[in-house]
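Colleague: Predicted structure and sequence below. I'll ask about it afterward.
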Amino acid sequence: MFRFIFLLGFLALAGCVGVAWKEDLDRLTSNVSALHIRHQGAPVGPATDPELDAMLSGTLDVATLVHVAVSRHPELREALARTQAALAAIRGASALEDPMLSVTADRVPVRQPVAFRRDDMNILGLEQAIPFPGKLDLRGEAALREAEVLHQRYRERERDLIARVKKTYFEYFTLTKELEVHLEHIKILEEFERISTSKYRTGTVSQQDVLKPQVELVMLHNDVVFVEQKLISAKAALNVLLNRPDGAPLGRPKDVVPVREAFDLDQLQNLALEGRPQVRAAELKSRASEAALRVAQRDAAYPDFSVGLMYMQMSGRDDAWGGSVGINLPWLTGKRSAEADRLAHQARADRIALEGIHGQVRFEVRDAFQRVEAARKSVTLYEGELLPKSRQSVEVSRSSYEKDKTSFLDLLDAERSQRDIKIRHYEALAQYESAVADLERAVGTDVRRRP
């Protein structure tokens, strides 16, 4: 009997070998716990509160908006819940199957089917299935890699959300500035109208010079209506990303100051290949497939065991005990080898997919990098050339008009050109910041040097 119990314990320990991936499991558990703390208290649906309203009613900073979004957005909380579910599955994947407890009444008379006292013996049995040594460890590792894949997908969603918040914020910034430019130039045109009216009264210019600014003012007021409508939509889009009601208050965006920073393409591409969540997810998916393949290969090559103990209550004789040891025969049906073949193809497909992702990521980093550089040159051109020259053109045209040396149409064209250049300058600033946001999403992390 003692030999049998020793055999039972040996097989149980053999099925649960030391966990070589425990450090990875501990690291994932720690990361998921930290994310759980981050999302604690997040509203179930779009919601706001007085403290948040007060914080977001002042001058808006994109870093604050990102912080609010990543702690409240339902997409991230959903991704976290799926990671937690996969994390909980690891323990089950690396655990033994449930033991089976059985009670048997042997040789009960057919004419008295419930007369259990007349049976020949009662048997109390306990049976445990035990996989071949190492299988539980591999199954646990495969489940861990799947959980790590979901964690990387959480990180990928987080980077995507951050990029969306930044791009929406800079759209909001552009529209705010466009509205300010329009309102500023309405005042300028009103002043032009007063100058034209004064010159018309003295007979210096015709009535046409009075009508032209009036028409231009009407057109500007019409532009203001459309810009205000777009601004409301941009506010609503930003609030949705913050998991707030779409009409919740938002303050004025902080002015964008272009940063004179230089990025290295090769360095960014290497950084993306090392740490971008999408790449890490593909790598872990490949590792999970390899672990599942090793389990299937062991299932096809080595049997699993079952061990049991029985206590027999004998009628008219001394009680006795019994034991059993069994194995399955995986070589006879071909089912296990077919599963191993399937998983071998799956593992190969995941390795090929990883190669494709590497090429796609390198392209996305290069594409975003080129857009950043183009936007940087555009901002430099506006600030160094177009803005100063447009201001100078308006000043010269205004002085010439007041001295009757040029027509009002020339002044109007100069003013309109300056207005368009101001708006396009703000658009160029927003395009630069949006391109940097796309670059950070492509790389998978922040790329700016923090002060």
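Modeller: Received, thanks. What you are looking at is a predicted structure, and each value in this text was computed from that prediction instead of being measured.

Colleague: Could you list the buried residues of whatever helix or strand Leu101 lives in?
Modeller: In the assignment (DSSP states H and E), Leu101 maps to strand 100-106. Applying a neighbour-count criterion of 16 or more other Cβ atoms under 10 Å, one finds Ala105 buried in strand 100-106. Heads up, the C-betas are built off the backbone N, CA and C, glycines and all.

Colleague: Give me the sheet partners of that strand and which way each runs.
Modeller: Applying DSSP bridges, strand 100-106 is found paired with strand 121-130 (antiparallel).

Colleague: Output stretch 161-168 as CSV, nothing but the C-alphas.
Modeller: Extracted in CSV, the C-alpha atoms of stretch 161-168 (Å, rounded to 0.1, in the frame of the first residue of the first chain):
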residue,chain,number,x,y,z
LEU,A,161,-6.5,56.2,-27.6
ILE,A,162,-3.6,58.6,-26.7
ALA,A,163,-3.1,59.4,-30.4
ARG,A,164,-6.8,60.0,-31.0
VAL,A,165,-7.0,62.3,-27.9
LYS,A,166,-4.0,64.3,-29.1
LYS,A,167,-5.3,64.6,-32.7
THR,A,168,-8.8,65.6,-31.6
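
Colleague: Kindly indicate whether the closest residue to Ser434 other than its chain neighbours is helix, strand or coil.
Modeller: Nearest residue to Ser434, sequence neighbours excluded (Cβ to Cβ, 6 or more residues apart in numbering): Lys167, at 4.7 Å. Three-state assignment for Lys167 (DSSP: H, G, I helix; E, B strand; the rest coil): helix.

Colleague: OK, contacts around the residue most central in space within the chain?
Modeller: Central residue of the chain (Cα atoms, centre = their mean): Arg157, 0.8 Å from the mean position. Contact analysis of Arg157 by Cβ atoms under 8 Å, 6 or more residues apart in numbering lists Glu75, Leu76, Ala79.

Colleague: Looking at the residues you listed, which is nearest Val68?
Modeller: Using Cβ to Cβ, Leu76 is the member of those that lies nearest Val68, at 11.9 Å.

Colleague: Which helix or strand contains that closest one?
Modeller: Assigned by DSSP H and E, Leu76 falls in helix 74-93.

Colleague: Now do that helix: which elements does it pack against?
Modeller: helix 22-39, helix 135-201 (3 or more Cβ pairs under 8 Å, 6 or more residues apart in numbering; DSSP states H and E).

Colleague: How far away from the center of its chain is that helix?
Modeller: 15 Å (Cα atoms, centre = their mean, to the nearest Å).

Colleague: how about that helix as PDB, C-alpha atoms only?
Modeller: C-alpha atoms of helix 74-93 as PDB (Å, rounded to 0.1, in the frame of the first residue of the first chain):
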ATOM      1  CA  PRO A  74     -14.400  52.000 -21.600                       C
ATOM      2  CA  GLU A  75     -12.200  50.500 -24.400                       C
ATOM      3  CA  LEU A  76      -9.300  50.300 -22.000                       C
ATOM      4  CA  ARG A  77     -11.400  48.900 -19.200                       C
ATOM      5  CA  GLU A  78     -12.800  46.300 -21.500                       C
ATOM      6  CA  ALA A  79      -9.300  45.300 -22.600                       C
ATOM      7  CA  LEU A  80      -8.200  45.100 -19.000                       C
ATOM      8  CA  ALA A  81     -11.100  42.900 -18.000                       C
ATOM      9  CA  ARG A  82     -10.200  40.500 -20.900                       C
ATOM     10  CA  THR A  83      -6.600  40.400 -19.700                       C
ATOM     11  CA  GLN A  84      -7.700  39.700 -16.100                       C
ATOM     12  CA  ALA A  85      -9.900  36.800 -17.400                       C
ATOM     13  CA  ALA A  86      -6.900  35.300 -19.300                       C
ATOM     14  CA  LEU A  87      -4.700  35.800 -16.300                       C
ATOM     15  CA  ALA A  88      -7.200  33.800 -14.100                       C
ATOM     16  CA  ALA A  89      -7.200  31.000 -16.700                       C
ATOM     17  CA  ILE A  90      -3.500  30.400 -16.200                       C
ATOM     18  CA  ARG A  91      -4.100  28.700 -12.800                       C
ATOM     19  CA  GLY A  92      -6.700  26.400 -14.400                       C
ATOM     20  CA  ALA A  93      -4.500  25.500 -17.300                       C
END
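
Colleague: Rounded mean pLDDT for it, please.
Modeller: Per-residue pLDDT over helix 74-93 has a mean of 92.

Colleague: Between helix 22-39 and it, find me the angle.
Modeller: Here helix 74-93 points in a direction 150 degrees away from that of helix 22-39 (axes from the mean of the first three to the mean of the last three Cα atoms, to 10 degrees).

Colleague: Pull out the buried positions in helix 74-93.
Modeller: Neighbour-count burial for helix 74-93 flags Leu76, Arg77, Ala79, Leu80, Thr83, Gln84, Ala86, Leu87, Ile90, Ala93 (criterion: 16+ other Cβ under 10 Å).

Colleague: Hmm, the residue nearest to Ser434 is touching Ala437, no?
Modeller: Yes. Counting by Cβ atoms under 8 Å, Ala437 is a contact partner of Lys167 at 5.5 Å.

Colleague: And what about Pro133, helix, strand or coil?
Modeller: With three-state DSSP as the basis, Pro133 sits in coil.

Colleague: Quick check: phi and psi at it.
Modeller: When read as degrees, to the nearest 10, the backbone of Pro133 gives phi -50, psi 130.

Colleague: now do Asp304
Modeller: Main-chain dihedrals, Asp304, degrees, to the nearest 10: phi -100, psi 160.

Colleague: Now the closest residue to it other than its chain neighbours. Its backbone dihedrals?
Modeller: Using Cβ to Cβ, 6+ apart and skipping residues adjacent in sequence, the residue nearest Asp304 is Pro131, 4.8 Å away. For Pro131, the backbone dihedrals (degrees, to the nearest 10) come out as phi -70, psi 160.

Colleague: And Pro131, what's its pLDDT?
Modeller: What the model reports for Pro131 is a pLDDT of 91.

Colleague: In this structure it contacts Ser306, no?
Modeller: No. The pair Pro131 / Ser306 is not scored as a contact, 10.3 Å apart, by Cβ under 8 Å.

Colleague: can you map out the helices along this structure?
Modeller: 2-15, 22-39, 50-57, 62-72, 74-93, 135-201, 208-241, 265-275, 277-301, 335-381, 387-402, 408-443 (DSSP state H).

Colleague: Please convert those to a markdown table, extending it with distance to Gly326.
Modeller: A markdown table is the format used below for the helices of the chain (distance: least, Cβ to Cβ, whole Å):
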| stretch | distance to Gly326 |
| --- | --- |
| helix 2-15 | 11 |
| helix 22-39 | 31 |
| helix 50-57 | 63 |
| helix 62-72 | 53 |
| helix 74-93 | 23 |
| helix 135-201 | 16 |
| helix 208-241 | 59 |
| helix 265-275 | 49 |
| helix 277-301 | 16 |
| helix 335-381 | 17 |
| helix 387-402 | 85 |
| helix 408-443 | 55 |
